[in-house]
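[1] Give me coordinates for this.
(4 chains)
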Protein chains: 2
Amino acid sequence: MDVEEGTLNSPTDPGLTACDMDIYQWDAREGCEVRQILDRIADKWSLLVISLLGRRRLRFMELLREIDGVSQRMLTTTLRHLERDGLIARTVHPVVPPRVDYELTDLGCTLLDTIQTLVRWTEDNQLKIAAARARYDATATVG
Amino acid sequence: MDVEEGTLNSPTDPGLTACDMDIYQWDAREGCEVRQILDRIADKWSLLVISLLGRRRLRFMELLREIDGVSQRMLTTTLRHLERDGLIARTVHPVVPPRVDYELTDLGCTLLDTIQTLVRWTEDNQLKIAAARARYDATATVG
DNA sequence: CGGCATCCAACTAGATACTG
DNA sequence: CAGTATCTAGTTGGATGCCG
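    Residues are numbered from 1 along each chain as shown, chains lettered A, B, ... in the order given. Sure thing, here's the model as predicted:
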């Protein structure tokens, strides 16, 4: 298992000037913690997991079934990451066969709201995007 | 692998409440267009590009410099995708040396708002997440 | 400067087999 | 059921070189 070490950037990174700090309240620097967190939560499977758990508590197999295309391995990895970040809670019931529930933490719930905003935007604009793509592809083909 | 659909997917399912509908409107199916769009805009580089362009119009090289860690190849790819989706506009100035500007379209601007919500959430909660990680890692190390 | 093509290394993720 | 371990195919992405 690869619980990647939290080798974050040093806050005193000499590469950052005062000007940079000003502009990049959250910045585009590689080591930037905000950016690293964004990479994680804006992840393909994370979004789906959080959205599904926002509806109700789910078991591992339920998630695996509901998220079309995810492998057991990727689901496990995603769940561990989200758990590590304190966004979901993992509850193991000591029964046979094993039963593990996943649910959003309070922190996870606040993220859910934000994610749903993103989802809603996508829903609201998918036609525009589809149209833009058609337009783009048409021009590219002609050119 | 087609998991039995019907109850989960159908918007007209009589068993679904209005609240459920809200959630199931975009689903977790592989071919779902919403999911595919989400994968694209929730992309690592796309988020950064849109955020930076939200501030002002930028040239290719400016983007390349500001986004730490992105390669020319990936930046080009990302910009093409965003342009295809109608989120950014690409303007070629017929001068020597060539000059190409990128800026958000109206559609891109609406997405910017949404993304900034996500960014703000991350900024607001990065300490909590860092704490959660420390807690998780401590437990994992002990165990 | 902007950007495409090629090559290749590194990482990702699926399939499979196995465990408690 | 809920994972872990291993192996491998596929993809991503960096480096380089060339072109308009």
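[2] How far off centre is the helix with the most length in chain A?
    Counting by DSSP state H, the longest helix found in chain A is helix A:106-142. In terms of Cα atoms, centre = their mean, to the nearest Å, the centre of helix A:106-142 is found 16 Å from the chain centre.
[3] ok, the residue of chain A found nearest DNA strand C to residue A:63 distance?
    Relative to DNA strand C, the nearest point of chain A is residue A:71 (3.2 Å; Cβ to the nearest atom of the strand). Where C-beta positions appear, they are placed from N, C-alpha and C, glycine not excepted. In this view, residue A:71 and residue A:63 are 12 Å apart by Cβ to Cβ, to the nearest Å.
[4] more neighbours, the two?
    When residue A:71 and residue A:63 are compared for neighbours, residue A:63 comes out ahead with 20 against 11, by other Cβ atoms under 10 Å in any protein chain shown.
[5] mind checking the SS state of the more buried one?
    helix (DSSP: H, G, I helix; E, B strand; the rest coil).
[6] so where is chain A shaky, pLDDT-wise?
    For chain A, applying pLDDT under 70 flags the ranges A:1-27, A:141-143.
[7] Spit out the contact partners of the residue nearest to the spatial centre of it.
    In chain A, the centroid-proximal residue (Cα atoms, centre = their mean) is residue A:41; its distance is 2.4 Å. By Cβ atoms under 8 Å, 6 or more residues apart in numbering or on different chains, residue A:41 lies in contact with A:47, A:50, A:85, A:87, A:111, A:115, B:118, B:122.
[8] count of neighbours near the first one?
    Other residues lying near residue A:47 total 21 when counted by other Cβ under 10 Å.
[9] Could you check how far residue A:112 is from residue A:41?
    In terms of Cβ to Cβ, residue A:112 sits 11 Å off from residue A:41.
[10] any shared contact partners between these two?
    Common neighbours of residue A:112 and residue A:41 (Cβ under 8 Å, 6+ apart) are residue A:50.
[11] Could you check how far residue A:51 is from DNA strand D?
    Here residue A:51 is placed at a distance of 18 Å from DNA strand D (Cβ to the nearest atom of the strand, to the nearest Å).
[12] swap that for residue A:79, please
    In this view, residue A:79 and DNA strand D are 6 Å apart by Cβ to the nearest atom of the strand.
[13] Using the three-state scheme, assign the residue lying closest to that residue once chain neighbours are set aside.
    The shortest distance from residue A:79 to any non-neighbouring residue, by Cβ to Cβ, 6 or more residues apart in numbering or on different chains, is to residue A:102 (6.2 Å). Three-state call for residue A:102 (three-state DSSP): strand.
[14] Is residue A:102 in contact with residue A:88, as I believe?
    Yes: with contact defined as Cβ atoms under 8 Å, residue A:102 counts as touching residue A:88 (5.4 Å).
[15] you'd agree residue A:28 is in a strand?
    No: using three-state DSSP, the assignment for residue A:28 is coil, not a strand.
[16] Keeping just the C-alphas, turn stretch A:75-87 into PDB.
    What follows is stretch A:75-87, C-alpha atoms only, in PDB (Å, rounded to 0.1, in the frame of the first residue of the first chain):
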ATOM      1  CA  LEU A  75     -12.300   2.200  -5.600                       C
ATOM      2  CA  THR A  76     -10.200   1.100  -2.600                       C
ATOM      3  CA  THR A  77      -7.500   3.600  -3.400                       C
ATOM      4  CA  THR A  78     -10.000   6.400  -3.800                       C
ATOM      5  CA  LEU A  79     -11.800   5.500  -0.500                       C
ATOM      6  CA  ARG A  80      -8.600   5.400   1.400                       C
ATOM      7  CA  HIS A  81      -7.600   8.800   0.100                       C
ATOM      8  CA  LEU A  82     -10.900  10.400   0.900                       C
ATOM      9  CA  GLU A  83     -10.800   8.800   4.400                       C
ATOM     10  CA  ARG A  84      -7.300  10.100   4.900                       C
ATOM     11  CA  ASP A  85      -8.400  13.600   4.000                       C
ATOM     12  CA  GLY A  86     -11.200  13.300   6.500                       C
ATOM     13  CA  LEU A  87     -13.900  13.600   3.900                       C
END
